[in-house]
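Novice: Attaching a predicted model along with its sequence, questions to come.
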Amino acid sequence: MGFLYLLLTFLACFILVHFVKLAFLGWQYIKKPAEPEKKPEPKPEPVYYIVEKKRTRKSYTAPKEIQFKK
């Protein structure tokens, strides 16, 4: 019998909490002021970056051998 009362109490609290949450969200939605009409903004000027060319090597050394410790 105690389990039934525990289950009913849990369900009542669960429903009450969610009812209060939904009521609060609805109240915020109603109080929300109307958004002002947005005017189109002019496009910003393009930004140009100066990129330097990477210098290439005239000669390359032999590849290094890598050994992992065991």
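Specialist: The structure has been received and is ready for your questions.
Novice: mind checking the backbone torsions on the residue nearest the centre of the chain?
Specialist: Residue closest to the average C-alpha location in the chain (C-alpha atoms, centre = their mean): Leu25, at 21.2 Å. Per-residue torsions, Leu25: phi -60, psi -40 (degrees, to the nearest 10).
Novice: What's the separation between it and Lys32?
Specialist: Distance, Leu25 to Lys32, by C-beta to C-beta, to the nearest Å: 11 Å. Backbone N, C-alpha and C define where each C-beta goes, glycine included.
Novice: where does Phe3 land in three-state SS?
Specialist: Secondary structure state of Phe3, per DSSP: H, G, I helix; E, B strand; the rest coil, is helix.
Novice: And the one 4 residues further on, by the same measure?
Specialist: The three-state assignment at Leu7 reads helix, by three-state DSSP.
Novice: What number of residues are in the vicinity of it?
Specialist: 10 (other C-beta atoms under 10 Å).
Novice: Quickly note the distance from it to Phe14.
Specialist: Counting by C-beta to C-beta - Leu7 and Phe14 are separated by 10 Å.
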